[in-house]
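Participant: Below are the sequence and a predicted model; questions follow.
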Amino acid sequence: MPFANERLAANKELLAQRPVKTGLRQTRFTFDPDQVLQQLQNRIVGQQAALQSIGNLLQVVRADISPDNRPLGVCLLMGPTGVGKTETVRVLAELLHGNSDALCRIDMNTLSQEHYASALTGAPPGYVGSKEGHTLFDADKIRGSYSKPGIVLFDELEKASTEVIRSLLNVLDSGLLTLPAGNKTIDFRNSLIFLTSNLGAAELAQYQGRFQRGWRALMQPSQKAESRILEAALSKRFDPEFINRIDHILHYQRLPAGEAEQLLDLELNKLRRRLAGQQASLSISGAAKDHLCRDYDQRYGARDLARRVRQELAPAVATALLAEPDATAFYAELQSGRIQVQVVPADYVK
């Protein structure tokens, strides 16, 4: 019986918790969907509508009223590069499992040829590797646990071949994938499945660009028109039978220049967490932050700022760390157009 040992342990925990009023109905899942949503909103910038839809899905999963004969949920995240699609799934994995890598991630851009379908679903009978049942899927991460859903990410979906896409139909529908050799079945029925795609991003940017000049600058782009553009791109690439298996199609918006500082703060926090592993901390001046945010390019989103942190700030921090092995506090500031990192004296008081 799947999850038998975990069910026994979970039941013991639930019995111990019964005297305490938690405010939530007890089900086999133990995460708090409201807390997860709040953390997602804190760490993913400018995508409130999409995150709210994910929060609604988590409510259904937490209540344990999802259908038994299919995945817990199938979400397609659509939008331009660098807006947080993949990061949303990684943050969700971290919040549910304590590790952003606790998910089965398939990079679909590596499966652009039809014969790569066997790498995903296993070799057919009679071919090398068919008996071993080798596949790109990580069954343990897909399975999750009795109290936590597994998380599966198919990244850059549109770059996979048509044959590879077709091989996923049964996964998205019944939640089961039987390998061609017939000796192994992978169960996705306790999984949240996410697919990401950049389809329609170029067409959408062209449409939105019309409202940045001339008399249209006084107007706002129509959300209905934007949805039609994305739906047209989706229908052009995928068959109706594939689209019909997706529960939620979520549109991620291009991040405006006004969000640059908030995006930078997220990247700085990532750097600070890495520095904490070296028993070091970092503060940064407003001028240095403005320098990193200069000429922010909306086309590349958060990746543009992450690249600047890696290229301009991280080397300066590394130089200071290596030069001052006993120091624990550092300060980054702008000097002569370049970021310089210095040690904060131990007796320094703000």
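Facilitator: Arrived safely, thanks for sending.
Participant: Any regions of the protein where pLDDT drops low?
Facilitator: In the predicted model of the chain, residues 1-23, 122-134, 180-182, 211-222, 346-350 satisfy pLDDT under 70.
Participant: in which helix or strand would I find the residue lying closest to Asp32 once chain neighbours are set aside?
Facilitator: Computed as Cβ to Cβ, 6 or more residues apart in numbering, the closest residue to Asp32 that is not its neighbour in sequence is Leu24, at 6.7 Å. To be clear about C-beta, it is placed using only N, CA and C from the backbone, and glycine gets the same treatment. Leu24 is part of no helix or strand when elements are defined by DSSP states H and E.
Participant: So what's the residue count around Val60?
Facilitator: For Val60, the neighbour count with other Cβ atoms under 10 Å is 14.
Participant: Which residue, other than its chain neighbours, is closest to Ser283?
Facilitator: Nearest one to Ser283, counting by Cβ to Cβ, 6+ apart, is Tyr331 at 5.3 Å.
Participant: let me redo that: Arg43
Facilitator: Val91 (5.2 Å).
Participant: thought the one you found was touching Gln41?
Facilitator: No. The criterion here is Cβ atoms under 8 Å, and Val91 misses it with Gln41 at 10.3 Å.
Participant: Tell me which helix or strand the spatially most central residue of the chain sits in.
Facilitator: In the chain, the residue lying closest to the centroid (Cα atoms, centre = their mean) is Val89, at 2.5 Å. Taking DSSP H and E as the definition, Val89 sits inside helix 85-97.
Participant: CA atoms only for the helix or strand following that helix, dumped as CSV, please.
Facilitator: Downstream of helix 85-97, the first helix or strand assigned by DSSP H and E is strand 104-107. C-alpha atoms of strand 104-107 as CSV (Å, rounded to 0.1, in the frame of the first residue of the first chain):
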residue,chain,number,x,y,z
CYS,A,104,11.5,16.4,-10.9
ARG,A,105,12.6,18.9,-13.6
ILE,A,106,12.7,18.0,-17.3
ASP,A,107,14.3,20.5,-19.6
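Participant: Who are the packing partners of strand 104-107?
Facilitator: The contact analysis (3 or more Cβ pairs under 8 Å, 6 or more residues apart in numbering; DSSP states H and E) places strand 104-107 against strand 150-155.
Participant: quick one, what contacts the residue nearest to Arg43?
Facilitator: Gln39, Leu40, Arg43, Ile44, Ser100 (Cβ atoms under 8 Å, 6 or more residues apart in numbering).
Participant: if we can go back for a sec, run the angle between the helix holding Val89 and strand 150-155 for me.
Facilitator: Per axes from the mean of the first three to the mean of the last three Cα atoms, to 10 degrees, the angle that helix 85-97 makes with strand 150-155 is 170 degrees.
Participant: Use 22 as the first number for this chain going forward.
Facilitator: That works, and once the first residue is 22, the last one we named lands at helix 106-118.
Participant: So what's the gap between helix 106-118 and the chain middle?
Facilitator: Helix 106-118 has its C-alpha centroid displaced from the chain centroid by 5 Å (Cα atoms, centre = their mean, to the nearest Å).
Participant: now Pro277: how far from Tyr317?
Facilitator: 9 Å (Cβ to Cβ, to the nearest Å).
Participant: likewise Leu255?
Facilitator: Leu255 is 29 Å from Tyr317, by Cβ to Cβ.
Participant: Pro277 and Tyr317: who's more crowded?
Facilitator: The neighbour count for Pro277 versus Tyr317, taken as other Cβ under 10 Å, is higher for Tyr317 (21 against 10).
Participant: Reduced to three states, what does the more buried one come out as?
Facilitator: State at Tyr317, reduced to three classes by DSSP: H, G, I helix; E, B strand; the rest coil: coil.
Participant: Alpha carbons only: can I get stretch 286-294 in CSV?
Facilitator: What follows is stretch 286-294, C-alpha atoms only, in CSV (Å, rounded to 0.1, in the frame of the first residue of the first chain):
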residue,chain,number,x,y,z
ASP,A,286,16.6,42.8,-3.5
LEU,A,287,15.6,39.2,-4.2
GLU,A,288,18.9,38.6,-6.0
LEU,A,289,20.8,40.2,-3.1
ASN,A,290,19.0,38.0,-0.6
LYS,A,291,20.1,35.0,-2.5
LEU,A,292,23.7,36.2,-2.4
ARG,A,293,23.4,36.9,1.3
ARG,A,294,22.1,33.4,2.0
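Participant: What are the contacting residues of that stretch?
Facilitator: With contact meaning Cβ under 8 Å, 6+ apart, stretch 286-294 is reached by Arg64, Val66, Ser302, Leu303, Ile305, Ala323, Leu326, Ala327, Val330, Leu334, Ala335, Val338.
Participant: swap in stretch 216-236?
Facilitator: Identification of contacts with stretch 216-236 by Cβ under 8 Å, 6+ apart yields 95-102, 106-107, 110, 174-179, 237-238, 240-242, 246-247, 250-251, 253-255, 258, 267, 275, 320.
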